[in-house]
Each structure stands twice: as C-alpha cells, then as structure tokens.
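*Asks:* Give me coordinates for this.
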Amino acid sequence: MPNEHTPYTLYGSPHSLYTGKARCYLRNQGIDYVEVSPSHPDFATRILPQIGRGIIPVLETPDGRVIQDTIDIIDFFEGQGVPYPAYPSTPLQHSLAVIIEYYGGQAMLKQAMHYRWSYREQQEAFLRHAFASSSGAVMAEKIMGRMNSYLPRLGVNPDSVALIEQSFETLLDLLDAHFAELPYLLGGRPSIADYGLIGPMFAHLGRDPVPAGIMKKRAPRVYRWVERMTAPGLDLVDYPDCLAEFWPHDEIPPTLEPVLRHIAADIFPELTDKLAFLDAWVARRQPAQGEPVTDKPQVRQVGLVETEYQGAPVEVGVEPYLLFVLQRAADLLATLPSAHAQVVMAQLQQLGLAAAIPAVSSYRVERSNNIEVWALPTTG
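*Replies:* Down below sits the predicted model:
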C-alpha cells in the first residue's frame, strides 16, 4: 500500500448510508484513515471537479487518487490485500454475498428512507442536528426536504407502508436468530454481504431514534452486530470459539437460509420488472459504448416502472447502477465450467434468488471517471 504513515481521507457523514458501508470496511480492515465532512472546502474545490457530481462517500488515497462508490473503494483495497478479504472464494457464497449487498444498498432504501422521513416529527431534533453538522443549517434544510421527496419513487406509499414495516420487523427477527449462532452473515468474518447490509442498518435504522429503538427492543443481537461492524478489526468477544473464516465447503449457514428467503420475497417482482425495464430502455435508446447512463451525472434513474411490493402496487425509479452491482455475480458464474455454474444456479433457485443474477445481455453498466456508463459485455 502507499505510505503507511499517511492516512487515507474518507469524505462522508455519520448519517450517510453508503458512507457507513465504506467506514465499516476501513475500520474492520484496520486501514488508517480520517473522515472529513463534504462541507470541507477541499471537497468543493478539489474533489467535486474530479467526480463530476455531488455524492458521498469519496476516498482520496495518500498519492491523490480519488475513488467514488463503495464497491470501487472496497475493490481498491481488496486488490492490495487486506487482513479479512470480503469476497468469498467459493461461487455460491460469493453470488449470495453480492445479492445481499444489492439488497442492503438498493432494495432496503424503502425501509431506511421510510423510517427516517415518515417519522420525521418524532426524530426532528436528531435529524436536524445530523444534517446541519455536515452541511450547515441552511443547506441542511434543503437536503432534508429533497430526501423526504424521494419516498414515492422508492415505493413508499399508503399501500406499502405497513408492509415495509412488517418486512423490517421480520428481517430483525430472522437476523436475531442468525446472530445467536454466528457473528457475521457468512461465518466468522464480514463479507461484502455484511458491508452491503450495514449501510441501511447503521446509518438509518440503527441510529435514527424510531427504528433504532425498534431494533434494540426487538432484536438486540442485530444491534450488537451493528456495533460489531462499526468496531475496529474483528469484534468476536461474544463468540470466543469462532474462527475468522467463512462457513466451510461453500455451504450456507442454516440460520441464514430463512433470511435469504425473506430477501427473495422482498426484492421480487420489483427487481425482475426493473431489469425488464432496462432491457426495453436500452433496446429503444441504443446508447453508445461509454455513454453515461443518464443525461446528467447527478440523476441516477432512467425512468419509473409500475410493479408490486409484497403485493402492494408501487411505482419505483429504475437505476442502471443496480446492474453494476448484480452483474458481478453473473461475471463470476461465467468463469465457471457450465456444469458447475448450473449447480450454483440451481442452489440459488431453491432459495428463490436465481432471478437476481442478470442474464447475459448485449449491454453492461461499467464506470468511467467515477460515472456509470453503458458498455458492451466482455468476451473471451
């Protein structure tokens, strides 16, 4: 790694979902860093011109390289070697970890944003302090109003609210049973599944007063996992006989299977409808190689699709970024012998998650200069 005496800089904020994901990774791996608010002058003068949009987190390396997006940040360190590699080396666990990462970072925006903004009155002082601390009082008011307005496009509406809350409570119950046996999702050390899930479970659901209160009362082991994920190194004091290894033989811990089935019920049919929307959008627009996925970098969605959440009608925004996340699992399976890949897909099918692996397509989403772009699939 670069000069070990010069820390990395993480531009982020305590209440940011994706900053939480990156921060936990840096802490767990023992990486020397300092966190800086995006209100710091350097962010506007040096960082924004390089990333092309106002977004966090952003990592600046000691040699001046700027990396935006939690996947790219994690992959940067994984490529250099870390104490606890986050990607399982076996295909089923690896694929499931990517799907859980998607679930936490994308699908769980419903729960995270609902509990933050639908209960704003009960949490006003806490939220105002959080946003003003990182952005100033005037800007905080604008940001809070904008964030609140996102709820309908996430599928939060009068028909879905009770189902979103029921889903959160069910998830807490299932995770609490799992963490009674293991410290992390796939065994004795965190994987990208844990880092994906900790985003909403820390920044919103584990800090904001209303959902954090529910978590502490209903699922104390889940709250302890949140503490564990935000600790430096591995926090295994509750599990003295646990080794810092993933579950053996590419198998799934029995207590995780109910969690995975819950995830499947939560993300479908919405994910299927989003992927179909992207297919139709690309076929209609025929974007060029390297063309940004949206007309403006700060705009993440290409349209709205009518679908269902737990049986309730919702209309949700479609972000090409979801393909950037999930195609990594498809890429892994493509490297396997056909028979082996079929076995893994059959295992995913049994869990109800096979449709989360994007089919081979005429397009991909990659990243160029910190912006998502359309790309042709790799071959050979």
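*Asks:* List the contacts of Gln298.
*Replies:* Contact analysis of Gln298 by CB atoms under 8 Å, 6 or more residues apart in numbering lists 53-55. C-beta: built from backbone N, CA, C; applies to glycine.
*Asks:* Find the residue ranges of the stretch 251-380 of the chain scoring beneath the pLDDT cut-off.
*Replies:* 377-380 (pLDDT under 70).
*Asks:* ok, which stretches of it are helices?
*Replies:* Taking DSSP state H, counting those that start in this stretch to define them, one finds helices in the stretch 251-380 of the chain at 257-267, 270-285, 321-334, 338-350.
*Asks:* What are the buried residues along the second one?
*Replies:* Read it as helix 270-285. For helix 270-285, a neighbour-count test (16 or more other CB atoms under 10 Å) marks 270-271, 273-275, 277-278, 281-282 as buried.
*Asks:* my read: Leu275 touches Pro358, true?
*Replies:* Yes: counting by CB atoms under 8 Å, Leu275 does reach Pro358; the two are 6.3 Å apart.
*Asks:* picking up where we left off before, quick check: which of the helices of the stretch 251-380 of the chain is nearest to Gly30?
*Replies:* When these are compared by CB to CB, helix 321-334 sits nearest Gly30, at 24.9 Å.
*Asks:* For my notes, confirm Asp72 occurs in a helix.
*Replies:* Yes: under DSSP: H, G, I helix; E, B strand; the rest coil, Asp72 falls within a helix.
*Asks:* any idea how far Val373 is from the residue lying closest to it once chain neighbours are set aside?
*Replies:* In this structure, Asp72 finds its nearest non-sequential neighbour in Arg367, 6.8 Å apart by CB to CB, 6 or more residues apart in numbering. Using CB to CB, to the nearest Å, Arg367 is found at 7 Å from Val373.
*Asks:* Please say which of those two ends up with more neighbours.
*Replies:* Neighbour count, other CB atoms under 10 Å: between Arg367 and Val373, Val373 has more, with 19 against 16.
*Asks:* Return the residues in contact with that one.
*Replies:* So Val373 contacts 290-293, 365-367 (CB under 8 Å, 6+ apart).
*Asks:* What subset of the residues you listed is buried?
*Replies:* 292-293, 365-367.
*Asks:* hang on, the earlier thing: can you list residues touching both of Leu275 and Pro358?
*Replies:* Residues touching both Leu275 and Pro358 by CB under 8 Å, 6+ apart: Leu323.
*Asks:* now the strands for the protein?
*Replies:* 8-11, 33-36, 58-60, 66-68, 304-309, 312-317, 364-368, 371-375 (DSSP state E).
*Asks:* hang on, isn't Tyr11 packed against Ile47?
*Replies:* Yes: judged on CB under 8 Å, Tyr11 makes contact with Ile47 at a distance of 6.1 Å.
*Asks:* what touches both of the two?
*Replies:* 58, 60.
*Asks:* okay, these two: which has more neighbours?
*Replies:* Tyr11 (26 against 20).
*Asks:* How about residues contacting stretch 208-223?
*Replies:* Contacts for stretch 208-223 (CB under 8 Å, 6+ apart): 111, 115-116, 119, 122-123, 126-127, 168-169, 172-173, 175-176, 179-180, 201, 204-206, 226.
*Asks:* Produce a PyMOL select command limited to the buried residues of those.
*Replies:* Buried members of the contacts of stretch 208-223, defined by 16+ other CB under 10 Å, are picked up in PyMOL with:
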select buried, resi 111+115+116+123+126+127+168+172+173+175+176+179+201+204+205+206+226
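*Asks:* Restricted to helices, list the contacts of stretch 208-223.
*Replies:* 111, 115-116, 122-123, 126-127, 168-169, 172-173, 175-176, 179, 201, 226 (DSSP state H).
*Asks:* Now flag whichever of those is closest to His40.
*Replies:* Leu127 (21.4 Å).
*Asks:* Any figure for the gap between the closest one and Leu205?
*Replies:* 14 Å.
*Asks:* Can you pull the residues that touch both of these two?
*Replies:* By CB under 8 Å, 6+ apart, Leu127 and Leu205 have no common neighbours.
*Asks:* Pick out the most distant pair among the buried residues of helix 270-285.
*Replies:* Using CB to CB for every pair in those, the one that comes out farthest apart is Glu270 and Val282, at 18.9 Å.
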